[in-house]
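[1] could you look at this predicted model? Sequence included:
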Amino acid sequence: QVLLVESGGGLVQAGDSLRLSCVVSGVTFSNSAMAWFRQAPEKEREFVGAIGWSGNTFYGDSMQGRFTITRDNDKRTVFLQMNSLRPEDTAIYYCAVRPMLIRTGATDYAYWGQGTQVTVSS
């Protein structure tokens, strides 16, 4: 059984930082690409960024320079460090897993976590 569990969300003020975590089980983590997506109310799910099995990363345009994704293969965990948060970053953040290579489409990922709420107040 594949299981992804996110944590680290919360309520912060604009300009603050947060670090989200996602612990993965049920897959060969070191051979997997991990992605973060987010979904705000009444909006489509949006690609935040991803890290491939080799550690390469790719980010959505509005996240460039503010968000950083890292992974710890020993702990089977992927992290999303979010700096300079803005009210428009308010959303539920999801992690997702797929084999090997990064993809930016939500349909390319078969397994998802339950999400963690991030709320940024102005």
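    Cool, got the structure. Note that the structure is predicted; figures quoted are calculated from it, not measured. Numbers count the residues shown, from 1 in each chain.

[2] how about the helices in this structure?
    Using DSSP state H, the chain contains no helices.

[3] which residue is nearest the middle of it?
    Trp36 (2.4 Å; Cα atoms, centre = their mean).

[4] ok, the closest residue to that residue other than its chain neighbours - how many residues close by?
    With sequence-adjacent residues excluded and distances taken as Cβ to Cβ, 6 or more residues apart in numbering, Trp36 is closest to Val48, at 4.0 Å. In this view, the C-beta of every residue, glycine as well, is placed from N, C-alpha and C. If you count neighbours by other Cβ atoms under 10 Å, Val48 ends up with 24.

[5] wait, Val48 touches Ala35, no?
    Yes: using Cβ atoms under 8 Å, Val48 is in contact with Ala35, at 7.5 Å.

[6] sorry, back to before: local confidence estimate at the residue nearest to Trp36?
    With respect to pLDDT, Val48 scores 98.

[7] do the same with Gln64
    Predicted confidence (pLDDT) at Gln64: the value is 77.

[8] ok, Val24 touching Ser32?
    Yes: shown here, Val24 and Ser32 form a contact pair, counting by Cβ under 8 Å, at 7.3 Å.

[9] shared neighbours, those two?
    Residues touching both Val24 and Ser32 by Cβ atoms under 8 Å, 6 or more residues apart in numbering: Val97.

[10] which ones are touching Ala91?
    By Cβ under 8 Å, 6+ apart, Ala91 lies in contact with Arg38, Gln39, Ala40, Lys43, Glu46, Gln117, Val118.
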